[in-house]
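Participant: I'd like to go over a predicted model; first the sequence, then the structure.
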Amino acid sequence: MGFLLAALSLGFLGSFHCVGMCGPIALALPLGRENRWKQIAGALVYNLGRIFTYGIFGLIFGLLGKGFVLGGYQQALSIILGIIILLGLLLPTKVTSVFGLTKVIQPLVQEVKSLLSGLFRQKSFGTLFLIGLLNGLLPCGLVYLGVAGAIATGDVVKGSLFMMMFGAGTIPAMLLVGLAANIISLRWRNNIRKVVPAFIAIMAVVLILRGMNLGIPYVSPELSKTDCTKHSCCHKK
């Protein structure tokens, strides 16, 4: 259950980043301000849509991670993911320009934004759920970190649960934005956003340490021989 707590903590502590990045979407939600309880229910439905998308991501990338685990590369994968995240923080522009990531995802982002703009003119719980689904597809550094964690679980179910718990951790901050927007000043949101990169860097370092098999409980647990026997590489003669 430790990985679920880690996912929830990642979502909660990193959700202040969401306040700055996804805040405009939360503020523009067609919640129906005349009824407070309906407004709260609508905000929850929107966030459930985001969590559903994150859960699908967790299934996909958890399956990818499982392939690495079965091949006996879980430790190497954890280290590589941590290094990639650190490089993304230190050299974001250069990294994306080298691999052409921006050009690849830009058409998808524009399509998602186009669909979102049409949905904001409608008022229904179904619409709010769809807005949440689509919002989960928008590029976000914090979501990428969650995806890295899902891959590191090396399991389809755990990967999905990791991403859903990650999404659940972001709900308090997102509800605060949608329901009490006037309380959160732009200056406060910008200050919080400055702290997020440091938090992401810490998580990247933890991934690297976990892959180093140092025998440190919770931080870098040692891969036991029992675990090793589960991999086909351990049966090679």
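Facilitator: Noted; the coordinates are in hand.
Participant: hey, where'd the helices end up in the chain?
Facilitator: Assigned by DSSP state H, the helices in the chain fall at 2-21, 23-27, 36-70, 74-90, 92-99, 101-119, 125-135, 141-153, 156-179, 186-211, 225-228.
Participant: mind putting the ones you listed into a markdown table with mean pLDDT?
Facilitator: Formatted as a markdown table, the helices of the chain follow (pLDDT from 0 to 100):
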| stretch | mean pLDDT |
| --- | --- |
| helix 2-21 | 74 |
| helix 23-27 | 70 |
| helix 36-70 | 89 |
| helix 74-90 | 80 |
| helix 92-99 | 53 |
| helix 101-119 | 77 |
| helix 125-135 | 91 |
| helix 141-153 | 84 |
| helix 156-179 | 86 |
| helix 186-211 | 73 |
| helix 225-228 | 44 |
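Participant: pick the most deeply packed of these.
Facilitator: helix 141-153 (a mean of 24; mean count of other C-beta atoms under 10 Å). Where you see a C-beta, it was placed from the backbone N, CA and C, and this is true even at glycine.
Participant: and that one, what does it pack onto?
Facilitator: Judged by 3 or more C-beta pairs under 8 Å, 6 or more residues apart in numbering; DSSP states H and E, helix 141-153 is in contact with helix 2-21, helix 36-70, helix 74-90, helix 156-179, helix 186-211.
Participant: okay, those in JSON lines with distance to residue 118 next?
Facilitator: Formatted as JSON lines, the helices and strands packed on helix 141-153 follow (distance: least, C-beta to C-beta, whole Å):
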{"stretch": "helix 2-21", "distance to residue 118": "21"}
{"stretch": "helix 36-70", "distance to residue 118": "16"}
{"stretch": "helix 74-90", "distance to residue 118": "32"}
{"stretch": "helix 156-179", "distance to residue 118": "20"}
{"stretch": "helix 186-211", "distance to residue 118": "27"}
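Participant: where's residue 110 relative to residue 54, distance?
Facilitator: 22 Å (C-beta to C-beta, to the nearest Å).
Participant: for residue 62, same thing?
Facilitator: Residue 62 is 12 Å from residue 54, where distance means C-beta to C-beta.
Participant: what sits in contact with each of these two?
Facilitator: The overlap between the contact sets of residue 62 and residue 54 (C-beta atoms under 8 Å, 6 or more residues apart in numbering) is empty.
Participant: quick check, central residue of this protein?
Facilitator: residue 143 (2.6 Å; C-alpha atoms, centre = their mean).
Participant: who's in contact with that one?
Facilitator: Residue 143 neighbours (C-beta under 8 Å, 6+ apart): 54, 57, 136.
Participant: let me know the closest of the residues you listed to residue 28.
Facilitator: Residue 28 has its nearest neighbour among the contacts of residue 143 in residue 136, at 16.3 Å by C-beta to C-beta.
Participant: ok, for the closest one, nearest residue in space, not its chain neighbours?
Facilitator: residue 53 (2.9 Å; C-beta to C-beta, 6 or more residues apart in numbering).
Participant: for residue 137, same thing?
Facilitator: residue 112 (5.2 Å).
Participant: what residues are up against the one you found?
Facilitator: Going by C-beta under 8 Å, 6+ apart, residue 112 touches 134, 137-138.
Participant: need the residues you listed in TSV (columns: distance to residue 25).
Facilitator: Converted to TSV, these look like this (distance: C-beta to C-beta, whole Å):
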residue	distance to residue 25
134	9
137	12
138	8
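Participant: from residue 89, how far off is residue 144?
Facilitator: 11 Å.
Participant: same thing with residue 108?
Facilitator: From residue 108 over to residue 89 (counting by C-beta to C-beta), the distance is 23 Å.
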